[in-house]
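Participant: This is a predicted model, with the sequence first.
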Amino acid sequence: MYATRFGWELLHGPIPEGMEVCHHCDNPICHNPEHWFLGTHKDNMDDMIAKGRSGVTKLSDQDVVDVRLAYRHPYPQLANDLARRYEMSPDYLRDVGKGRARRQATMVGLEAITVN
């Protein structure tokens, strides 16, 4: 169970079937209950579109290079540190860092980064 769902249920009780805990702040790692609201998946997607977040990545190709380099460093930054820096999901940034996401990013030097 996600922390936001757990937190919602602690504060408000069970989440009705078909509902999601959405974030007014659009930061999935936020755990501030004042930023949460319930909505359907469609409500959440409509909110995303209304805020201009659909189909546009927040990471530039240079950001992808930086994230991948952070994962190659002998003491890589933790995904949570990167998530705070880029205000994105740690899971997504871990996938970027390991080359499982943003494979299409091309930039001079990026193709030289071999992800283990």
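Facilitator: Structure received. What you are looking at is a predicted structure, and each value in this text was computed from that prediction instead of being measured.
Participant: Tell me who's in contact with the residue lying closest to residue 25 once chain neighbours are set aside.
Facilitator: Nearest non-adjacent residue to residue 25, counting by CB to CB, 6 or more residues apart in numbering: residue 35, 4.5 Å away. C-betas here are computed from N, CA, C, even on glycine. Counting by CB atoms under 8 Å, 6 or more residues apart in numbering, residue 35 makes contact with 23, 24, 25, 27.
Participant: Give the buried subset of these as a ChimeraX selection command.
Facilitator: Buried residues among the contacts of residue 35 (16 or more other CB atoms under 10 Å), as a ChimeraX selection:
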select :23
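Participant: quick one: which two of the contacts of residue 35 are the most distant?
Facilitator: Pairwise distances across the contacts of residue 35 peak at 9.4 Å for 24 and 27 (criterion: CB to CB).
Participant: so of the contacts of residue 35, which ones are in helices?
Facilitator: Per DSSP state H, helices hold no members of the contacts of residue 35.
Participant: closest to residue 65 among the contacts of residue 35?
Facilitator: Looking across those and measuring by CB to CB, the closest to residue 65 is residue 27, at 23.5 Å.
Participant: Quick check: the closest one touching residue 86?
Facilitator: No - in this structure, residue 27 is not within contact of residue 86 by CB atoms under 8 Å, at 10.6 Å.
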